[in-house]
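[1] Only the shape, not the letters, is given here:
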């Protein structure tokens, strides 16, 4: 009998789902998951706090605020999202609102409607710097407008 060994590491499996909000469930309020993952197949109206992964399944809806390390959207997210690592919007995903991300992946068919800023760019803007290609105004730090030449 022959024994086969491979130096290749095993492919990474999908992260385990630790908490599931089912299709017909509506939750209003606040969710804290710690490092555990959360999958939303129903509706959340409120705030999600996670230092792990949050995924919004097709048919799932989150209205409110999401603080997470990683957010995967194949359903719908509306509101404010602060994602420390990566926001993934898959083909059926729809994200609307103000988004701050470490990185962003949008698959063909995915939609991002609103304002999206990369986390390190946000910090530069707050320090008075400007992002490449322009910058979003920082509240309280609007640029001074020059008066137009009245001779035209």
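    Sure, I can see it. What you see is a predicted model; the values in this text were computed from it and never measured.
[2] Where does the prediction get shaky in the chain?
    1-17, 121-152 (pLDDT under 70).
[3] now do 50
    By pLDDT under 50, the low-scoring segments of the chain are 1, 4-6, 9-11, 13, 122, 130-139, 141-143, 145-147, 149-152.
[4] Which parts of this protein are strands?
    For the chain, the strands defined by DSSP state E cover 19-21, 26-32, 38-40, 43-49, 53-56, 61-73, 76-89, 94-106, 111-118.
[5] in the longest one, what counts as buried?
    Under the neighbour-count criterion of 16 or more other C-beta atoms under 10 Å, strand 76-89 has 76-79, 81-83, 86-89 buried. In this view, the C-beta of every residue, glycine as well, is placed from N, C-alpha and C.
[6] before we move on, what about the first one?
    Residues of strand 19-21 classed as buried under the neighbour-count rule (16+ other C-beta under 10 Å) are residue 21.
[7] Direction included, what does that strand pair up with?
    strand 38-40 (parallel) (DSSP bridges).
[8] And the fifth one, by the same measure?
    The sheet places strand 53-56 alongside strand 38-40 (parallel), strand 61-73 (parallel), with pairing taken from DSSP bridges.
[9] on that earlier part again, could you save the buried residues of strand 76-89 as JSON lines and add columns showing distance to residue 30?
    Shown next, in JSON lines, are those (distance: C-beta to C-beta, whole Å):
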{"residue": "76", "distance to residue 30": "19"}
{"residue": "77", "distance to residue 30": "16"}
{"residue": "78", "distance to residue 30": "17"}
{"residue": "79", "distance to residue 30": "13"}
{"residue": "81", "distance to residue 30": "15"}
{"residue": "82", "distance to residue 30": "15"}
{"residue": "83", "distance to residue 30": "18"}
{"residue": "86", "distance to residue 30": "23"}
{"residue": "87", "distance to residue 30": "21"}
{"residue": "88", "distance to residue 30": "24"}
{"residue": "89", "distance to residue 30": "24"}
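[10] farthest pair in those residues?
    The span of those, defined through C-beta to C-beta, is set by 78 and 86 at 19.5 Å.
[11] which of the strands of the chain sits most buried?
    Most buried of these, by mean neighbour count (mean count of other C-beta atoms under 10 Å): strand 53-56, with a mean of 26.
[12] ok, residues contacting that strand?
    15, 17, 33, 37-40, 48, 62, 66, 68-77, 93 (C-beta atoms under 8 Å, 6 or more residues apart in numbering).
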